[in-house]
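Chemist: the following block contains a protein sequence and its predicted model.
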Amino acid sequence: MNIHSSKYQCSECGMCFREKTKLTTHRRSHSGEKPFKCSVCDKGFTEAACLKRHNRIHSGEKPFKCTLCDKSFSRSSSLQIHERRLHSNVRPHSCFYCGKQFATVSQLKCHVRVHTGAKSFSCRHCSEEFVWRNQLKAHLLKSHNEGTWFTCHICQKKFSCKGHLNKHMHRHKGVKPYVCDECPKSFFTAGELKCHQPVHSDYKQFCCFLCDAHFKRKYDVKRHFKTCSAVHDISALLL
């Protein structure tokens with residue numbers, strides 16, 4: 001009967017809970033009480049489970065392992081996102097503008113900026129605005145000397161992010177860590193592998209929003225759009 005009735009109600013906001021312990025934890029969101037403290041950095045949490053998850057930052061523990069590759073994660077939610085992005089063809093979120101499909105809402109939101117040009121990142125020193133965080137970081141380095149450049153010791157090329165430098169170094173070393181599961185080919189970056197993977201799949205993530213034809217690659221959509229009969233029909237009506 002507890003499944004169908006919530007008998008513990010919060011006096012502050014009216015939310016109901018089936019278990020008293022859940023109500024006790026919820027009340028801390030109103031009081032600001034955080035009784036579970038990290039012994040390393042003294043950060044506080046409302047639940048013991050949150051503290052346990054936080055402790056993995058300090059210990060480096062990653063108990064959630066992907067069964068399809070050697071990646072491991074500190075959170076189960078991170079593993080689920082990884083599996084959906086890299087090892088699944090399920091793309092439930094479609095772009096309204098171009099039809100490209102994505103595994104997560106966050107990927108879709110990030111992609112939509114390509115069409116809208118929304119500039120969410122503003123410089124605190126001047127009026128410049130940017131679509132991507134990395135663009136802002138590079139601007140701060142170049143224009144305001146804020147931050148640290150990551151420089152390649154071989155060719156002296158500079159990067160605003162350490163991750164970009166690490167990927168760049170793979171090219172100097174000839175290291176291709178991203179290996180295709182379907183064939184012997186390997187790649188320098190995850191992006192290159194992702195572009196290659198549709199070769200082995202019937203999954204077509206790009207579609208024409210006028211005639212609903214689907215394609216594996218963005219290039220194929222652009223080429224199709226030039227000859228799409230629906231485009232010519234609309235043009236004729238406008239004339």
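Modeler: That came in fine, so what should we check first?
Chemist: residues near the residue lying closest to residue 101 once chain neighbours are set aside, how many?
Modeler: Of all residues not flanking residue 101 in the chain, residue 91 sits nearest, at 3.5 Å (Cβ to Cβ, 6 or more residues apart in numbering). From N, CA and C alone the C-beta is placed, and that goes for glycine too. When neighbours are defined as other Cβ atoms under 10 Å, residue 91 has 17 of them.
Chemist: residue 91 and residue 103, how far apart?
Modeler: Distance from residue 91 to residue 103, counting by Cβ to Cβ, to the nearest Å: 6 Å.
Chemist: next one: residue 132
Modeler: 20 Å.
Chemist: show me which of those two is the more surrounded one.
Modeler: residue 103 (21 against 13).
Chemist: that one contacts residue 87, doesn't it?
Modeler: No - using Cβ atoms under 8 Å, residue 103 is not in contact with residue 87; the gap is 10.0 Å.
Chemist: picking up where we left off before, which helix or strand contains the residue nearest to residue 101?
Modeler: Following DSSP states H and E, one finds residue 91 outside all helices and strands.
Chemist: what's the pLDDT at it?
Modeler: Listed pLDDT for residue 91 reads 77.
Chemist: likewise for the one 5 residues further on?
Modeler: Taken from the predicted model, the pLDDT recorded for residue 96 is 81.
Chemist: what sits against the nearest residue to it once chain neighbours are set aside?
Modeler: Of all residues not flanking residue 96 in the chain, residue 112 sits nearest, at 7.7 Å (Cβ to Cβ, 6+ apart). By Cβ atoms under 8 Å, 6 or more residues apart in numbering, the contact list for residue 112 reads 95-97, 118.
Chemist: how about the helix or strand in which residue 112 is found: buried residues?
Modeler: Taking DSSP H and E as the criterion, residue 112 maps to helix 105-116. Across helix 105-116, burial judged by 16 or more other Cβ atoms under 10 Å covers 107-108, 111-112.
Chemist: what's the offset of it from the middle of its chain?
Modeler: Here helix 105-116 is found 10 Å from its chain centre; the criterion is Cα atoms, centre = their mean, to the nearest Å.
Chemist: and the next element down the chain from it?
Modeler: strand 121-122.
Chemist: quick one: strands adjacent to that following strand?
Modeler: strand 129-130 (antiparallel) (DSSP bridges).
Chemist: next helix or strand past the strand it pairs with?
Modeler: Taking DSSP H and E, what comes next after strand 129-130 is helix 133-144.
Chemist: I'd like the next helix or strand past that following helix.
Modeler: strand 150-151.
Chemist: what is the following helix or strand past that next one packed up against?
Modeler: Following strand 150-151 in sequence order, the next helix or strand is strand 158-159 (DSSP H and E). Other elements packing on strand 158-159 under the criterion 3 or more Cβ pairs under 8 Å, 6 or more residues apart in numbering; DSSP states H and E are strand 150-151.
Chemist: could you list every helix and strand that the strand it packs on packs against?
Modeler: strand 158-159, helix 162-173.
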